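> Below are the sequence and a predicted model; questions follow.
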Amino acid sequence: MRHILKIHRSLGDPIPEIAHSYSIRTFNPSTDKTQWLELNNTIFARHPDQGNWAMADLENRMAEHWFDSNGFFLVVEAETIIGFCWTKIHDEFVNQDPIGELYVVGVHPEHAHKGIGRAVSIAAMNYLVGKGLKRSMLYVDADNEKGLGLYKSLGFN
């Protein structure tokens, strides 16, 4: 049985800084959709929710009111997307402050363990801070040890 954790982090706490040489930019819907979709399906080939997406799955999410390409960060090497962090801002509740979600974080398996996920997640958290948000959250499978290790090291609990 699948067990999903919802973990949180205060965006008022210091966000780690790391030195890296990665090129991080935001998603361009007119040029990045196909390449991002292929990468997503490679990374999440065995994931029940995030894997095996069709272009319509991506376009449906891009049509949502919360979609903002400025909050969708890509790590690019020689014009090839090798990692990403897609954010989502939940602002639908009248009596609650908006909360920023690290909606999907992924790194191509050939580039794993190089700090790409950390670098792009930090860029995403700094974006959420810049939007004036006080809290962030994400969902992660309880048995995703690598993901949990990254998120805990970034202050999520």
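Received, thanks. Residues are numbered from 1 along each chain as shown.

> Report the central residue of this protein.
For the chain, residue 85 is the residue whose C-alpha lies nearest the centre (Cα atoms, centre = their mean; 2.7 Å).

> Quick check: neighbours of the strand ranked longest in the chain in the sheet, parallel or antiparallel?
Identified as the longest strand of the chain according to DSSP state E is strand 80-90. Sheet partners assigned to strand 80-90 using DSSP bridges are listed as strand 72-77 (antiparallel), strand 99-107 (antiparallel).

> who's in contact with the residue nearest to the centre of the chain?
By Cβ atoms under 8 Å, 6 or more residues apart in numbering, residue 85 lies in contact with 72, 73, 102, 104, 105, 117, 120, 121, 123, 124. Bear in mind the C-beta positions are built from the backbone N, C-alpha and C, glycine included.

> Give me the pLDDT value at the closest residue to the fifth one other than its chain neighbours.
Yep, that's residue 105 we're talking about. Using Cβ to Cβ, 6 or more residues apart in numbering and skipping the chain neighbours, the partner closest in space to residue 105 is residue 85 (4.8 Å). With respect to pLDDT, residue 85 scores 98.

> now residue 48
Looking at residue 48, the pLDDT reads 89.

> Would you agree it falls within a helix?
No - according to DSSP: H, G, I helix; E, B strand; the rest coil, residue 48 belongs to no helix; its state is coil.
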